[in-house]
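**Student:** Below is the sequence, then the predicted model.
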Amino acid sequence: MKTPKRFLASLFPLLLALGACGGTCSRAKQTLAEEPAPPTGVAPVGTPPPPPTMSPAGWLKTDGNKILTAEGAPFHGRGANIQDTRGCNACTWEDPDPGEVIRRIDVLVSDWHANFLRLDMESYEKSEARQHYKNILDDENYLKDLQKIVAHVGSKKGVYMMLSLWHDPFHSPMGWPTKDTIREWEKLAAVFKDSPHVLFGLINEPERNEAGLLDDKVWKAMNDTVEAIRKVEGQGPHHLVAVQGTRQYARVLDYYTTHPITAGGGVNVVYETHVYDPATAFQARFIDPKKKIPVIIGEFGPVTDVAQMSLDDCKKMMEAAEANEVPYMAYTFHFRCPPNLLKDLSKQGCGVGMTLEPTDWGQALKDRLAKPW
């Protein structure tokens with residue numbers, strides 16, 4: 001979800017109800033005529049990925065619709081989103097503190113037993129009084145902080161982190177990858193080329209396109225980005241790359257089930273959905289797509305205003321995801337970036353050193369992670 005300005009972004013149900021939204025979603029008011037010129041080319045229909053190659057120790061891989069460890073066991077990844085040093089805009093007003101991010105990771109992994117984390121990378125076009133806000137191409141210190149965080153996660157056996165360009169001025173007006181986000185991924189792919197515990201999540205949530213009329217254009221933007229990453233990786237191991245659902249804020253994976261990504265032979269590509277829906281939608285969101293393609297759930301959590309997903313729905317979703325071998329990451333290990341897993345004990349600050357006490361939503365996730373999968 002997009003909440004860097006400390007409120008929940010409007011999602012598809014609200015768009016249906018109101019036809020538009022404000023704040024960070026103002027881009028949804030555009031008409032199709034205002035959309036950026038679509039890239040050329042469409043996906044070939046039904047192109048299957050080739051058989052998987054052997055993975056070195058620690059590297060995840062795909063095999064058909066499965067995500068496997070290097071040893072060939074199903075990858076049982078469970079955990080949560082965690083904000084970077086910008087902290088969902090709560091920490092941009094003071095010096096960056098990668099140590100605080102690491103402290104929270106330690107709690108999430110050691111105390112909550114998470115082994116799958118989504119690092120939400122956050123940058124802005126303008127300062128607006130922020131102390132740090134630029135992306136990895138324009139802020140070398142920010143990149144170094146990310147390297148510290150990723151290296152720390154790499155010291156934890158069996159723990160994986162997906163880097164996600166969560167809030168980035170280089171996204172297209174509809175949240176798609178662009179030539180500039182490709183430049184970011186080329187740099188990230190080079191920096192983390194030899195990090196087996198790292199996955200790449202291309203963007204956050206493609207917006208609009210409710211009827212799917214632009215699915216082929218979203219596919220092209222995703223495929224081009226994957227291709228750029230594979231060129232950087234060369235003949236070395238290929239990271240898992242997550243491409244997001246083509247519409248309804250990353251919810252819908254249908255197009256990929258008949259048009260899988262083909263860049264790099266389609267190997268080690270996983271398909272990310274965000275689930276903010278009642279249990280009746282789970283079949284369409286991830287159970288049916290998982291029959292054909294490898295699926296991960298990059299976000300989910302209880303919401304009642306701009307979408308409808310209850311705490312009970314979240315519990316049922318975790319059960320269903322595990323039953324269908326779908327790794328998942330809850331949203332979010334924060335206190336002011338709803339839906340929050342942590343109580344806000346920050347006194348309206350950045351939360352450095354605060355007690356990390358779970359909300360009811362956080363306790364539900366923590367209880368689930370305490371059970372074997």
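**Tutor:** Structure's in. What do you need?
**Student:** Next secondary structure after whichever helix in the chain runs longest?
**Tutor:** If you go by DSSP state H, the chain has its longest helix at helix 215-233. Counting by DSSP states H and E, the next helix or strand C-terminal to helix 215-233 is strand 241-244.
**Student:** contacting residues around that following strand?
**Tutor:** Counting contacts by C-beta atoms under 8 Å, 6 or more residues apart in numbering, the residues outside strand 241-244 that touch it are 162, 164, 199-206, 222, 226, 229, 250, 256, 261, 268-274, 296, 298. Every C-beta, even on glycine, is put in place using the N, C-alpha and C of the backbone.
**Student:** Can you turn the buried part of those into a ChimeraX selection?
**Tutor:** In ChimeraX, this line selects whichever of those come out buried by 16 or more other C-beta atoms under 10 Å:
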select :162,164,199,200,201,202,203,204,205,206,222,226,229,250,256,261,268,269,270,271,272,273,274,296,298
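**Student:** mind listing which of the contacts of strand 241-244 are in helices?
**Tutor:** Short answer: the contacts of strand 241-244 in helices (DSSP H) are 222, 226, 229, 256.
**Student:** what's the longest helix of the chain packed up against?
**Tutor:** helix 179-191, strand 241-244, helix 254-258 (3 or more C-beta pairs under 8 Å, 6 or more residues apart in numbering; DSSP states H and E).
**Student:** quick one, which of the ones you listed is nearest to residue 129?
**Tutor:** helix 179-191 (24.3 Å; C-beta to C-beta).
**Student:** what's the angle from that closest one to helix 215-233?
**Tutor:** Helix 179-191 and helix 215-233 are oriented at 30 degrees to each other (axes from the mean of the first three to the mean of the last three C-alpha atoms, to 10 degrees).
**Student:** in helix 179-191, what's buried?
**Tutor:** 181, 182, 184, 185, 186, 188, 189, 191.
**Student:** Residues in contact with that helix: which ones?
**Tutor:** Here helix 179-191 has contacts from 135-137, 143, 147, 163, 165, 168, 170-171, 177, 200, 202-203, 224-225, 228-229, 231-233, 239, using C-beta under 8 Å, 6+ apart.
**Student:** and with 10 Å instead?
**Tutor:** 39, 121, 123, 135-137, 143-144, 146-147, 150, 163, 165, 168-172, 177-178, 198, 200, 202-203, 221, 224-233, 238-239, 241 (C-beta atoms under 10 Å, 6 or more residues apart in numbering).
**Student:** Run through the bridge partners of residue 165.
**Tutor:** With DSSP bridges as the criterion, residue 165 is bridged to residue 121.
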